[in-house]
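>>> Give me a model of this one.
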Amino acid sequence: MNLLITLLAMHTPQRVKRWALVDLFDVTAAAFESDVPPLAGLSPDECLLQYALFTQHHTESLIRNGQDLDYVQHRLYQGARELGAIQHTRFRIHTVRDVMAMGRVLYRVLGIDFRGDAQGEIVIKHCYFSRFYTSQSCQIMSAMDRGLFDGLMGGGQLQFSARITDGQATCQARLRRREDAG
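Sure thing, here's the model as predicted:
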């Protein structure tokens, strides 16, 4: 496995966590055509809470007002795909195992217990956001997951088969190379 990812998996500095959350906020706010709320002086945990509340508010507003969800999901996907592509290059990700290891590091920052194997099978036993999101909000925001893993893999397709927000015990998904997804 990639040494840099292994080191981050062992210890992710608070500064790195905060940078990751600020980057995520920037991409998400742009997709929602909104400003990023003030984050100065907030810890990574406080930024995470603000992100959950921010995305909860915006997704519920979109649903309530009958706005074009496909448009927003496309923007979320593209922004997250760019973030994933940056990590793909920065950490020299080459294998599905590397993708899964980086996914575990990134999702740990988000309070998500992410487990993925070399065959592309993913199980999430706990998700921080499941207490904030409805099923429909989760579906909107999962465009970020799909985009991130597309970028991390350099052409991947993520498909969920179960979600905690739909009343399931875990989230389950499968990641495949785009050309294998058919």
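>>> For the spatially most central residue of the chain, what are phi and psi?
When Cα atoms, centre = their mean is applied to the chain, the residue found nearest the centroid is residue 145 (4.1 Å). Phi and psi for residue 145, reported as degrees, to the nearest 10, are phi -60, psi -50.
>>> show me the contacts for the spatially closest residue to it that is not a sequence neighbour.
Once flanking residues are discounted, residue 145 sits nearest to residue 158: 5.9 Å by Cβ to Cβ, 6 or more residues apart in numbering. Yep, even glycine has a C-beta here, placed from its N, CA and C like the rest. Shown in contact with residue 158 (Cβ atoms under 8 Å, 6 or more residues apart in numbering): 122, 145-146, 149-150, 173-175.
>>> any idea of the pLDDT on residue 7?
pLDDT for residue 7: 78.
>>> Quickly find the element holding it.
helix 3-10 (DSSP states H and E).
>>> Go through that helix and flag the buried ones.
Buried residues in helix 3-10, counted by 16 or more other Cβ atoms under 10 Å: 4-5, 8.
>>> Between those, which sits nearest residue 43?
residue 8 (18.8 Å; Cβ to Cβ).
>>> Show me what the helix holding residue 7 is in contact with.
Here helix 3-10 has contacts from 16, 91-93, 98, 101-102, 104-105, using Cβ under 8 Å, 6+ apart.
>>> Any of those residues buried? List them.
Applying 16+ other Cβ under 10 Å to the contacts of helix 3-10 flags 91, 93, 98, 101-102, 104-105 as buried.
>>> which phi and psi does residue 172 have?
Per degrees, to the nearest 10, the backbone of residue 172 is at phi -130, psi 140.
>>> and the closest residue to it other than its chain neighbours, how far is that from residue 170?
For residue 172, ignoring the flanking residues on the chain, the nearest one in space by Cβ to Cβ, 6+ apart is residue 162 at 4.2 Å. Remark: distance between residue 162 and residue 170 (Cβ to Cβ, to the nearest Å) = 6 Å.
>>> isn't residue 36 right up against residue 23?
No. Look at residue 36 against residue 23 with Cβ atoms under 8 Å: they stay out of range, at 10.6 Å.
>>> residues in contact with the lowest-mean-pLDDT helix or strand in the chain?
Least confident helix or strand of the chain, by mean pLDDT, DSSP states H and E, is helix 178-181 with a mean of 69. With Cβ under 8 Å, 6+ apart as the test, helix 178-181 has contacts from 150, 155-157, 159.
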